[in-house]
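Q: This is the structure alone, sequence omitted:
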């Protein structure tokens, strides 16, 4: 098990090194931040001073080495636009995105997995067919259109939900959260539902296909022959046997939800990282873009590591294979 963890950590460090290089080079070729930072009416002396202040006059390899050195020391740079450390800027926005993503993925899992198991357990019933049809609809309809329709119906026409913002928050261990207040929960419902629909469709289809496959195995046949009731079979055998792919999807979808909540946060004016990265791209705030992409890379690598460890717990064959 120790060798398994050490190998995964070494792979994670190597991936982070490669990603830092790709991210830095990718952001470097996107526009010139000097054109945004400096007024067109500024003199050449002012332009040269600002360029030298931000190190933009150095060769790209020196800029990367400077960036990598600061990154190893936990310094993500300073925002061109907000004129504050990027780490503080991201820390102030991350709790909102994390809260929205966790609620959305939990909502998708708690609803999607039971519906998928039912659809796989009774695939010929009309209820199962309706569930699978709705899952296809969840894949097909664009997220931004669903978000706009939710605002139109529940905020504009019915007036029972707010159209945007985060609402009232309370501090828990210094972290502001919305779901513990009534006003915050009202602001959270629509964006969380909007963000969870695609994930819910994926959970439904994955759980349904896994259940149909498991129900044909000898394990289920022997359990039924032993007189075990159907509810116990579904809870103890079916859910356990399909848990590994579900754990994978849960982990990866949590990471992708955090990383790609840009559309939902923009539609609902949710003050998270998604809205921050859109503003940064518009203003060519290079340090914020690089830090955001590095954070996303680190998050996916960490989630993959946790999923691998969960695999080792759920499936001893991987643990023993990893030890070798």
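A: Arrived safely. Treat the numbers as computed from the prediction; the structure is a model and nothing was measured.

Q: can you pull the contacts of residue 121?
A: 211, 215, 234, 238 (Cβ atoms under 8 Å, 6 or more residues apart in numbering). C-beta here means a position set from N, CA and C on the backbone, and glycine is covered the same way.

Q: Which positions in the longest helix seen in the chain come out as buried?
A: The longest helix of the chain (DSSP state H) is helix 86-121. Across helix 86-121, burial judged by 16 or more other Cβ atoms under 10 Å covers 86, 89-90, 93-101, 103-105, 107-109, 112-113, 115-121.

Q: who touches residue 291 in this structure?
A: Here residue 291 is in contact with 76-77, 86-87, 90 (Cβ under 8 Å, 6+ apart).

Q: right, I mislabeled it, should have said residue 70
A: 76-77.

Q: Correct me if wrong, but it is in a helix.
A: Yes. Residue 70: assigned to a helix according to DSSP: H, G, I helix; E, B strand; the rest coil.

Q: Next one: it from residue 140, what distance?
A: 44 Å (Cβ to Cβ, to the nearest Å).

Q: same question, residue 121
A: 25 Å.

Q: Residue 176: which element?
A: Residue 176 belongs to strand 175-177 when assigned by DSSP states H and E.

Q: Tell me the first helix or strand C-terminal of that strand.
A: Assignment by DSSP H and E places the next element after strand 175-177 at helix 182-214.

Q: Which of the residues in that next one are classified as buried?
A: For helix 182-214, by 16+ other Cβ under 10 Å, it's 184, 187-211, 214.

Q: Over to stretch 139-149?
A: 143, 146-147.

Q: okay, these in JSON lines with pLDDT next?
A: Below are the buried residues of stretch 139-149 laid out as JSON lines (pLDDT from 0 to 100):
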{"residue": "143", "pLDDT": "82"}
{"residue": "146", "pLDDT": "89"}
{"residue": "147", "pLDDT": "89"}
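
Q: Which of these sits closest to residue 257?
A: Nearest to residue 257 out of the buried residues of stretch 139-149 is residue 143 (Cβ to Cβ; 11.1 Å).

Q: hang on, isn't that closest one packed against residue 198?
A: Yes. Here residue 143 reaches residue 198: they are 6.4 Å apart, a contact under Cβ atoms under 8 Å.

Q: and the nearest residue to residue 167 once chain neighbours are set aside, what does it touch?
A: Counting by Cβ to Cβ, 6 or more residues apart in numbering, the nearest residue to residue 167 once its immediate chain neighbours are dropped is residue 187, at 3.4 Å. Neighbouring residues of residue 187 by Cβ under 8 Å, 6+ apart: 162, 164-167, 178.

Q: For residue 51, give its distance to residue 58.
A: 10 Å.

Q: between these two, who's got more neighbours?
A: Between residue 51 and residue 58, counted using other Cβ atoms under 10 Å, residue 51 has the larger neighbour count: 17 against 14.
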